[in-house]
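In: I'd like to go over a predicted model; first the sequence, then the structure.
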Amino acid sequence: MNFLKKLLLGIALNSLAILFCQRLFNGLLNDFYFQGTFIELILLALVISFLNLLIKPILRLVFLPLVWITLGFFSLIINIIILKTATVFMPVLTIQLPLTWLISSIIISIFNSLTYKIK
């Protein structure tokens with residue numbers, strides 16, 4: 001039950017994070033393109049939530065020495081990998097600039113951290 005609760009909360013928060021990034025980057029850099037419907041937004045958020053719940057812990061374990069050596073900065077690269085993998089599965093999201101990848105992964109990570117804070 002806890003897994004389902006985190007998944008549903010993650011879907012809601014990831015949907016909000018994607019919409020927030022779209023508003024932010026289309027105003028500043030005009031680089032974060034989500035061309036989809038509401039259903040595709042929910043599906044993209046579902047993919048990101050699944051990747052965060054299932055794949056991200058494995059990546060953190062595999063890259064643990066790099067995270068330690070870089071004092072946690074490699075976690076940003078792991079977040080970018082998760083976001084890039086989600087865009088491969090759901091090509092309705094297009095991000096072009098590396099700076100946009102980095103900032104959007106940070107924003108989505110902040111929203112995802114709320115999943116673990118809310119009980």
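Out: Now that the structure is in, tell me what you want to look at.
In: okay, now the unreliable bits of this structure?
Out: For the chain, the stretches with pLDDT under 70 are 1, 119.
In: report back the residue of it that's furthest from centre.
Out: In terms of distance from the mean C-alpha position of the chain, Ile69 ranks first, at 23.4 Å (Cα atoms, centre = their mean).
In: state the number of residues packed around Leu99.
Out: Using other Cβ atoms under 10 Å, the number of residues around Leu99 comes to 12. To be clear about C-beta, it is placed using only N, CA and C from the backbone, and glycine gets the same treatment.
In: touching, it and Leu29? I think so.
Out: Yes - contact criterion Cβ atoms under 8 Å: Leu99 and Leu29 qualify, at 7.5 Å.
In: quick one on the thing from earlier: could you measure from the residue farthest from the centre of the chain over to Ile58?
Out: As defined by Cβ to Cβ, to the nearest Å, Ile69 lies at a distance of 19 Å from Ile58.
In: with Cys21 instead?
Out: Cys21 sits 25 Å away from Ile58, going by Cβ to Cβ.
In: repeat that for Val88.
Out: Val88 is 17 Å from Ile58, where distance means Cβ to Cβ.
In: same question for Leu44.
Out: For Leu44, the distance to Ile58 (Cβ to Cβ) stands at 21 Å.
In: with Leu71 instead?
Out: Distance, Leu71 to Ile58, using Cβ to Cβ: 21 Å.
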